[in-house]
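>>> I need the structure of the sequence given here:
(chains A and B)
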2 protein chains.
Amino acid sequence: MNILFIMYDQLRFDYLSCAGHPHLHTPNFDRVAAMGMRFTNAYVQSPVCGGSRMCYYTGRYASSHGAHWNGFPLRVGEHTMGDHLRRAGMDCWLIGKTHMKADSEGMERLGLSPDSIIGARQAECGFDTWIRDDGLWGQGPDGFYDEKRSPYNEYLKGKGYPTENPWATFANAGIDDEGDMASGWIFKNADKAANVREEDSETPWLTTKAIEFMKEKTGPWCAHVSYIKPHWPYIVPAPYHNMYGENHVPAPTRDTVEREDPQPVFGAYMENKIATAFQRDEVRKKVIPAYMGLIKQCDDQLGRILEHLEQTDTLKDTMIVLTSDHGDYLGDHWLGEKDLFHEQSVKVPMIIYDPRAGADATRGTTSDALVESIDLAPTFVDFAGGKIADHILEGRSLTPLMHGETVKWRDVAISEYDYSATPQAVKLGLAPRDARLFMVFDGRYKLMHAEGGLRPMLFDLQSDPEEFIDLAKDSTRTPEIDVEIDRLYAHLFTWARRMSQRVTKSEDDIIAMRGRSLRRGILPFLADGTEVPEDLTQFYTGKAKADYTGER
Amino acid sequence: MNILFIMYDQLRFDYLSCAGHPHLHTPNFDRVAAMGMRFTNAYVQSPVCGGSRMCYYTGRYASSHGAHWNGFPLRVGEHTMGDHLRRAGMDCWLIGKTHMKADSEGMERLGLSPDSIIGARQAECGFDTWIRDDGLWGQGPDGFYDEKRSPYNEYLKGKGYPTENPWATFANAGIDDEGDMASGWIFKNADKAANVREEDSETPWLTTKAIEFMKEKTGPWCAHVSYIKPHWPYIVPAPYHNMYGENHVPAPTRDTVEREDPQPVFGAYMENKIATAFQRDEVRKKVIPAYMGLIKQCDDQLGRILEHLEQTDTLKDTMIVLTSDHGDYLGDHWLGEKDLFHEQSVKVPMIIYDPRAGADATRGTTSDALVESIDLAPTFVDFAGGKIADHILEGRSLTPLMHGETVKWRDVAISEYDYSATPQAVKLGLAPRDARLFMVFDGRYKLMHAEGGLRPMLFDLQSDPEEFIDLAKDSTRTPEIDVEIDRLYAHLFTWARRMSQRVTKSEDDIIAMRGRSLRRGILPFLADGTEVPEDLTQFYTGKAKADYTGER
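The predicted structure is shown next:
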């Protein structure tokens, strides 16, 4: 049995036809949804690439593993999906992006070399690396954003693309009317075809790598096939660049009421460069069709993978997971990118095909349970036949839901966001430790708590599914609202007190410890020695050892 | 400059003459107090040996490092006092007890051998080991409580004590009237002289080791001289065994009101074997004089250390810290041992002599600031001239207090207790993760929160300094009390949300990151490219790379 854990980057939950998109047709995503279960309330534990992924890969909340944001190293020794799966006898491979930053200081302190197997796994977030490419080869006066080497750039160079950074100059750039490079960084170029052969673009390239992996490796394996797309730069090669146009761009989900006395963090985000750009209609009209084209390409490439599984008759042995690390505002709520906790950002697609017979009853159905991204790691351990280390893994296996069992699920989904390194923290004058947000969502009410003395936000998704009306504003707050806010805060408090770091002793270990010291001679309660059974007393009674021969 | 970080085990805050004990005269403790500052409100972060010590040694709260209880391994890679001090150019040595349990699973996963320097430090809580002896060589049908070897037992054997476990049969046993061994485990034997030469007993033995260390090592060093005494077994060699008698035993600090409708965890502890024993007057009358004798011996041995420092003229270069890992109920509150949050258990002696001139103004004074045991690690880093890694260390350097600065200190002291492995958890039917307590103390009100759905406790130490009246009981609770409970819970909530795991990025690191991705070519906000200065644009403009020669 194998696991294909496929992640797209920045794929919104609602940009799939199975999730109701009116224009985008994604038959391969839909096919997996028809074979499996689609979770309609799946939330990431941090709506930013690095933080979210470290939650997926550790099965733990961001404040448990501490790697809250892009470029914050995952501390050495933190248990990962790979550690758990290997203990269960399943390999765990990476094909694509993780956004992992190695804790090189910690590794050096422990004498771990990245060249050793152990060191490499520490540096690569617990994965064995088939191929790693994080897909962000941005370059500026201070050098590359990502200082590693890019296998994808090497591939392009090998194919004859004649620059030092063909990712930037070909795969993510078009050509303008004058024959000059039209960079995909610039939104006005988003409708151009990327200046790259379609098969040489990132999504097909990685798909080919994934198929090569599947051809070569025997299982059991978990393969994390992790695409950079549809993440920006928003530009896609032909024929995807003009499959969608202005007529497929929905009106932005935004309301002027959102700009009135906004919660300060929301206010700061609405004024940042990205948001300002996405507030312009011409940006959305260029970007969204490109974003859709990128997703359409992902869907076609998913078709290649499914075809491979069919041809090799391995569909029956392979769990398939389709998900994303976060969404994309695309101008909704006056915002671009991700970062905050509106559905567009924090909710992700989550489609799981479980090949086991136990899942037959739920094939093609949806579940509205409050699923968290950290549920995948225990789901995989479960699928691999391992014992879930629930003193380390904070999520829950989704198997019972997929197998049609009636189980009480969690009361609230939690997400966290650390914006300490952003211009918004500077603007709000916040020290890094105060630039943090928490989401508590019970399926109806969604609370955002902000550290640093800033007020919370609250949405009622039942009466306001578009999340326009912030009920925690002075102007809308009522005693009834306060009750809901207090209730969600109580959930946050319970969660904040959770036992998250007792990772060296399982619940079973502790139960086995109970009373053990008694039979190892720890007896600080004997008034006269009659308090314990005789087999214990032999260790502290008997003739005095008066045969002592040393000096006294 | 060196640091002598001396810890006694289970030494109550009020069993020193400088702390007002009416009968026990401890001139050497008093002398250090007169040379330095005595902190009268010093609280440990967990009132149990292992948990408390891991807080001291990491400078972090128990729920931050996860090693909550005796025998719970400290996770591999956790930063320790030794790591911080070595970075500041100071060695960090252990002479005595730590109660550290190595994370052998984690070490094996990272390929660390305990035989290597790095591995040994991981296994020994970050210390270099001069000598380690945890001083609990209890033995029973299932073997030794502590499976390591005991240097102290080896020493006794070398001196001719003729048993396999002379710790148990000589150093912690007397002889009864029939000439039989009278074990120190049995309280009725506590008034007998331990059957060991005084100089061979544990406290002088370890003192000799400490002096040997100081003679051999040049600094800068921090030496953790960590005595097992006055911890049980309560038995002490002559002449200390009969220095104190029944007339020196105070009446127990307890009240029948405590037994009426007690908070369930307190209730369960009051009924355990240890408490039941200490509720008997004859136990207290035997044990407390022995406990005092053990402390008197500690004081005399402290005198040897001070004398050595004087003789070598190093008193002027040596910070001296005298503290404990927790107290001892000794029958107060109907309890024995430690574990809960009454002052007798959670408050510790904390005396610091700072040789620097900056401390001259405060010599011989006391401070009632709410000091936490985790404050020592940053105090030491500060003293060593290092930069305090305040994204890892959760305490605060005490230097400003010792140097007479007027600084706002913390609002509340926090302590935690994990009793998941105890009979009390079994009695209350609690899963390990629910058997946890938290203390929040603001200097007047002390709240105990209990997980597992149990009610809190509240004491007002201003009106009830003896902590008899639990204001959170139904019978005493009032709306005014609820206000205080809510206020302390709000402090606990703030604390529970603290940023404790972001250990790979300092506040300064994060501030330096702000805006850095821009100059590394991450520009997902360019509508038309005019949004950034020209030195950034060169990386995404220019002639199209139309000289591509590969297949298209």
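>>> going forward, measure contacts and count neighbours with C-alpha atoms only.
Noted.
>>> So A:L437, which state does it fall into?
Following DSSP: H, G, I helix; E, B strand; the rest coil, we place A:L437 in the strand state.
>>> pLDDT score assigned to the nearest residue to A:D390 once chain neighbours are set aside?
Counting by Cα to Cα, 6 or more residues apart in numbering or on different chains, A:D390 lies nearest to A:S506, which is 7.3 Å off, once chain neighbours are set aside. Per-residue pLDDT puts A:S506 at 96.
>>> pretty sure A:S506 contacts A:K387?
No. With contact defined as Cα atoms under 8 Å, A:S506 and A:K387 do not form a contacting pair (11.3 Å).
>>> who's more crowded, these two?
Using other Cα atoms under 10 Å in any protein chain shown, the more surrounded residue of A:S506 and A:K387 is A:S506, with 17 against 14.
>>> tell me the contacts of that one?
A:A389, A:D390, A:H391 (Cα atoms under 8 Å, 6 or more residues apart in numbering or on different chains).
>>> Also A:I131?
Neighbouring residues of A:I131 by Cα under 8 Å, 6+ apart: A:L94, A:I95, A:G96, A:P151, A:K209.
>>> between those residues, which is nearest chain B?
A:P151 (17.9 Å; Cα to the nearest Cα).
>>> Alpha carbons of stretch A:353-365, as PDB, please.
Output of stretch A:353-365 as PDB, limited to C-alpha atoms (Å, rounded to 0.1, in the frame of the first residue of the first chain):
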ATOM      1  CA  TYR A 353      -9.200   8.500  -2.100                       C
ATOM      2  CA  ASP A 354      -8.800   5.600   0.300                       C
ATOM      3  CA  PRO A 355      -8.600   2.300  -1.700                       C
ATOM      4  CA  ARG A 356      -9.500   0.100   1.200                       C
ATOM      5  CA  ALA A 357     -12.900  -1.600   1.100                       C
ATOM      6  CA  GLY A 358     -13.800   0.100   4.400                       C
ATOM      7  CA  ALA A 359     -14.200   3.300   2.400                       C
ATOM      8  CA  ASP A 360     -16.500   1.900  -0.200                       C
ATOM      9  CA  ALA A 361     -19.600   3.300   1.500                       C
ATOM     10  CA  THR A 362     -18.400   6.800   1.400                       C
ATOM     11  CA  ARG A 363     -17.000   7.000  -2.100                       C
ATOM     12  CA  GLY A 364     -18.100  10.200  -3.900                       C
ATOM     13  CA  THR A 365     -19.500  11.700  -0.700                       C
END
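>>> and it, which residues are buried?
In terms of neighbour count (16 or more other Cα atoms under 10 Å in any protein chain shown), stretch A:353-365 has its buried residues at A:Y353, A:D354, A:P355, A:A359, A:D360, A:T362, A:R363, A:G364.
>>> Name the residues that touch that stretch?
Residues from elsewhere that reach stretch A:353-365, judged by Cα under 8 Å, 6+ apart: A:32-38, A:315-321, A:402-404.
>>> repeat that for 6 Å
The contact list for stretch A:353-365 (Cα atoms under 6 Å, 6 or more residues apart in numbering or on different chains) reads A:A33, A:A34, A:M35, A:G36, A:M37, A:K316, A:M319, A:I320, A:M402, A:H403.
>>> Name all residues that make contact with the last one.
For A:H403, the residues meeting the contact criterion (Cα under 6 Å, 6+ apart) are A:G358, A:A359.
>>> From A:G245, how far out is A:P289?
Going from A:P289 to A:G245 by Cα to Cα, to the nearest Å gives 5 Å.
>>> what do you get for A:V225?
Separation of A:V225 from A:G245 (Cα to Cα): 29 Å.
>>> Repeat that for A:G51.
Taken as Cα to Cα, the span from A:G51 to A:G245 is 33 Å.
>>> And the residue of the stretch 251-400 of chain A found nearest chain B, what's its pLDDT?
Nearest residue of the stretch 251-400 of chain A to chain B (Cα to the nearest Cα) works out as A:I274 at 4.4 Å. We have a pLDDT of 96 for A:I274.
>>> What sits closest to it if chain neighbours are left out?
Using Cα to Cα, 6+ apart, the nearest residue to A:I274 is B:F525, at 4.4 Å.
>>> Okay, buried residues for the longest helix along chain A please.
Ranked by number of residues, the top helix in chain A under DSSP state H is helix A:281-311. Neighbour-count burial for helix A:281-311, with 16+ other Cα under 10 Å as criterion, is recorded at A:283-306, A:308-309.
>>> Likewise for stretch A:160-168?
By 16+ other Cα under 10 Å, the buried positions in stretch A:160-168 come out as A:G160, A:Y161, A:P162, A:T163, A:N165, A:P166, A:W167, A:A168.
>>> Reformat those as TSV; add distance to B:M90, secondary structure and pLDDT.
What follows is the buried residues of stretch A:160-168, written out as TSV (distance: Cα to Cα, whole Å; DSSP: H, G, I helix; E, B strand; the rest coil; pLDDT from 0 to 100):
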residue	distance to B:M90	secondary structure	pLDDT
A:G160	56	coil	95
A:Y161	54	coil	94
A:P162	54	coil	91
A:T163	51	coil	91
A:N165	47	coil	94
A:P166	50	helix	95
A:W167	48	helix	97
A:A168	48	helix	95
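>>> CSV for the buried residues of stretch A:353-365, including secondary structure and pLDDT?
Listed next are the buried residues of stretch A:353-365 as CSV, based on DSSP: H, G, I helix; E, B strand; the rest coil; pLDDT from 0 to 100:
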residue, secondary structure, pLDDT
A:Y353, strand, 98
A:D354, coil, 98
A:P355, coil, 98
A:A359, helix, 98
A:D360, helix, 98
A:T362, helix, 98
A:R363, coil, 98
A:G364, coil, 98
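>>> Brilliant, that's me finished.
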